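**Student:** curious how this folds, go ahead:
(chains A and B)
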Amino acid sequence: MNKVYIGIDVGSVSTDIVALDADYNILSTLYLRTNGQPIEAARQGLKKLKDELNGDIEVLGVGTTGSGRQLTGIMVGADVIKNEITAHATATISLVPGARTIFEIGGQDSKIIFLKDGMVTDFAMNTVCAAGTGSFLEHQAERLGIPIEEFGDLALTAKKNVRIAGRCTVFAESDMIAKQQYGFSKAEIINGLCEALVRNYINNLGRGKKLEPPYVFQGGVAANKGIVAAFERELNHKVIVPENYNVMGAIGAAILAKEYIERSGKSTIFRGFECTELEFNPTSFICGGCDNSCEVIKVEMDGKVVAMWGDRCGKWTNSLV
Amino acid sequence: MKVAFPYMGTTVIYKKLLELLGHEVVEPPEPTQRTIDLGVKYSPEFACFPLKVVLGSYIEALEMGAETLVTSGGHGPCRAGFYGEIHKKILKKMGYDVDIIVFDDYKRDIMGTINKVLRVKNGKPWRTVWRAIKTVYAMAKALDGIEKRIGRIRAYEINKGDCTKAWQAIKEKFDKVQTVEDVERAEKESHQLLDGITLRPVPDSERIRIGIVGEIYVVMEQSINLRIEETLGGMGAEVERSQYISEWIDFHLKPGAAAKEHELKILKKGEKYIQEIIGGHAKQTVGYIVNFAERGFDGIVHLMPFACLPELISQSIIPSISKDYNIPVISLSIDEQTGAANVLTRLEAFMDLVRNVKITKTA
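**Tutor:** This next block holds a predicted model:
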């Protein structure tokens, strides 16, 4: 019987699940598309995980992270519900000892995290625009008719440089169309896009900060060789892409769950794999109590309200004891 | 004459002053999404967020029948100094026949200020005015002391929301005071109320203290800053702000050098990084970060209205202060576009960072 800690990262684009054993060995990793249905994705993922490990496992702890961390955490009964910045940093500290700067580019946001002596010292998160994120690249790949998986390799074949305005998705797209009309090849346009993304990322998130190697690049976009190459050109330094770059958040969540359980001596509140069978129903409504018109999220499990949030005044959140 | 004022922080204080002077006071409601929507709709797009919310708040007060608005002006070359004029123009254009009395720095226009004082004085004898001022000043001091205490204990309340509920009750209690003696009684009762809140015992080594600095409106007005004090309290942090109304009165309005000492001392602390008053609260922000760091606070949350020039300047100074004093600082810019999810994620991560730094400092 395997004793495992499970980490679940429910992001905007992908839902990642990993299982770690007590010695931090990664037993299983899953990378699924969220497709706008975080609950369903987590459910499918857990079922798959159980099958993959032949059901012969004892879950000692569960951690969730990502934008869907709260909802998923409630559904599965997570011991730790952590923000993705801490989760990503935790995984990198454990898997790439000595790392100083983490570039993390996900589906909808991007982050830069600074580390020193195995500790987060500073971080920044994109706040203004999605121009530097995975969804944007995916959208552009689709527009050019190139599968996102081939995007990076194609960028590497570019022979000439072309500069694309990268500040904002709207400008980037119109600039790309213009450059296409000037006769640049698809490969060159894509390479220009990779460079614009990196330039934008570093100017935006790294502004006024000292970037020190070793650099680690993770998140779904790290699969893109064109972006990795653009980072290396911009920094004039090697960039490490860890083996499990696309599930680092989930690994971090699992490690945090393990640390929490070991430190607190508590046993897990995981609802068991049967939780995937429970009827789990999140709904939302506009509260009419005042002019704030808060969008309140209500989660019911088997007909019983288990969580509410989203109200500014706490009227609904506090209604559950 | 029905009088209203801009909504900011503990408004029961301004309300009381106008009431004691015999005005019929229209208290605008605490800003809600509707207030923000109204303000945004009628303000120039690039005006800063406080201007927009205050405009929305004025419109709501006018809808409730207010005829005159009383407000303070700004100091230095910050856009805030022009708010009164802009608001007047926008409201006129919207068809409201409204009178705005703006109290600017009295040294700039002594006669003008006297005229304004006479209007707000409302024909009451000076004795009444003096009594009103004394009562309201005592009230501001008492309420700020109570609010600071709540900032210290909220993180440890066993029943979530106890402190916020108590604070609501306390403001209602103070709404009824008439004299300095009433204030003293209300203050005592309020502290007793807080004594009754059950707190979780926490060893000194695990206390996390966060200082909140930045532009006065976004620091003081909880309805538009994601209730930052409650949010941080819920994450287990004690909080203290850089701005409290009684301290503002001491520095800007109370005559005599002694009253200004506290603020000047703090401004002085920032002078290594910023010498000039550049408008807004940039110099205060920088001084207060140094002050909080020296007092052993564990982290700083810096709030600014989106694109606020003075605070952008303090933001650019912050990395060097943060390094010199080894204190983590997070800057959050706030406006009508602020998404709560993004800010909460960053605050959570910031609290993890602050805890880690504290562990390494004490180890």
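
**Student:** can you give me the pLDDT of residue 14?
**Tutor:** All of this is about chain A. Looking at A:Ser14, its pLDDT reads 87.

**Student:** actually it's chain B I care about, not the one you picked
**Tutor:** Looking at B:Tyr14, its pLDDT stands at 87.

**Student:** repeat that for B:Arg227.
**Tutor:** At B:Arg227, the pLDDT recorded in the model is 89.

**Student:** what's the nearest residue to it if we skip its chain neighbours?
**Tutor:** A:Arg312 (6.9 Å; CB to CB, 6 or more residues apart in numbering or on different chains). To be clear about C-beta, it is placed using only N, CA and C from the backbone, and glycine gets the same treatment.

**Student:** quick one: residues contacting the one you found.
**Tutor:** A:Arg312 sits next to A:292, A:294, B:223, B:227 when contact means CB atoms under 8 Å, 6 or more residues apart in numbering or on different chains.

**Student:** can you confirm it is in a helix?
**Tutor:** No: the assignment for A:Arg312 by DSSP: H, G, I helix; E, B strand; the rest coil gives coil, which leaves it out of any helix.

**Student:** how close does it get to A:Gly66?
**Tutor:** 24 Å (CB to CB, to the nearest Å).

**Student:** how many other residues sit next to the nearest residue to B:Phe306 once chain neighbours are set aside?
**Tutor:** Leaving aside its chain neighbours, B:Phe306 sits nearest to B:Asp335 (3.7 Å; criterion: CB to CB, 6+ apart). If you count neighbours by other CB atoms under 10 Å in any protein chain shown, B:Asp335 ends up with 19.

**Student:** now do B:Asp335, the pLDDT please.
**Tutor:** 84.

**Student:** check the one 4 residues further on too.
**Tutor:** Turning to B:Gly339, the model gives it a pLDDT of 70.

**Student:** residues from chain A in reach of chain B?
**Tutor:** A:67, A:82-86, A:109, A:117, A:119-123, A:125, A:127, A:208-209, A:290-293, A:312, A:314, A:318 (CB under 8 Å from any CB of the partner chain).

**Student:** helices - which of those residues land there?
**Tutor:** A:84-86 (DSSP state H).

**Student:** select only the buried ones of these in ChimeraX?
**Tutor:** Burial among these is assessed by 16 or more other CB atoms under 10 Å in any protein chain shown; the matching ChimeraX selection reads:
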select /A:84,85,86
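
**Student:** out of the ones in helices among the residues of chain A next to chain B, which is nearest to chain B?
**Tutor:** Of all those, A:Ile85 has the smallest distance to chain B: 3.6 Å, by CB to the nearest CB.

**Student:** quick check: that closest one vs A:Phe123, distance?
**Tutor:** 5 Å.

**Student:** what's the overlap in contacts for these two?
**Tutor:** A:111, A:113, B:346, B:349.

**Student:** alpha carbons of the helix or strand hosting the second one, as PDB, please.
**Tutor:** For A:Ile113, the enclosing helix or strand under DSSP states H and E is strand A:110-116. Listed in PDB are the C-alpha atoms of strand A:110-116, where the atom choice follows Å, rounded to 0.1, in the frame of the first residue of the first chain:
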ATOM      1  CA  SER A 110       2.300  35.300 -15.000                       C
ATOM      2  CA  LYS A 111       4.500  35.600 -12.000                       C
ATOM      3  CA  ILE A 112       8.100  36.200 -11.100                       C
ATOM      4  CA  ILE A 113       9.300  34.900  -7.700                       C
ATOM      5  CA  PHE A 114      12.700  35.800  -6.100                       C
ATOM      6  CA  LEU A 115      14.300  33.300  -3.800                       C
ATOM      7  CA  LYS A 116      17.200  33.400  -1.500                       C
END
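
**Student:** count the residues that sit near the closest residue to B:Pro28 other than its chain neighbours.
**Tutor:** Spatially, and ignoring its direct neighbours in sequence, B:Pro28 is nearest to B:Ala61 (4.1 Å; CB to CB, 6+ apart). By the measure other CB under 10 Å, the count of residues near B:Ala61 is 25.

**Student:** mind showing which ranges of the stretch 51-200 of chain B have poor pLDDT?
**Tutor:** B:74-80, B:105-108 (pLDDT under 70).

**Student:** ok, whichever residue of it sits closest to chain A - contacts?
**Tutor:** Chain A sits closest to B:Gly161 of the stretch 51-200 of chain B, with a gap of 5.3 Å, by CB to the nearest CB. B:Gly161 sits next to A:314, A:318 when contact means CB under 8 Å, 6+ apart.

**Student:** and it, its phi and psi?
**Tutor:** Per-residue torsions, B:Gly161: phi 100, psi -10 (degrees, to the nearest 10).

**Student:** could you do B:Val25 as well?
**Tutor:** phi -100, psi 130.

**Student:** give the contact list for it.
**Tutor:** By CB under 8 Å, 6+ apart, the residues touching B:Val25 are B:2-4, B:15, B:18-19.

**Student:** for stretch B:349-361, which positions count as buried?
**Tutor:** Buried, per 16+ other CB under 10 Å, within stretch B:349-361: B:349-358.

**Student:** buried ones in the longest helix along chain B, by neighbour count?
**Tutor:** As assigned by DSSP H, the longest helix anywhere in chain B is helix B:126-153. Buried residues in helix B:126-153, defined by neighbour count with 16+ other CB under 10 Å: B:129, B:131-133, B:135-144, B:146-147, B:150-151, B:153.

**Student:** surely A:Val306 meets A:Val299?
**Tutor:** Yes: at 5.4 Å, A:Val306 and A:Val299 qualify as touching, with contact defined as CB atoms under 8 Å.

**Student:** I am finished for the moment; much appreciated.
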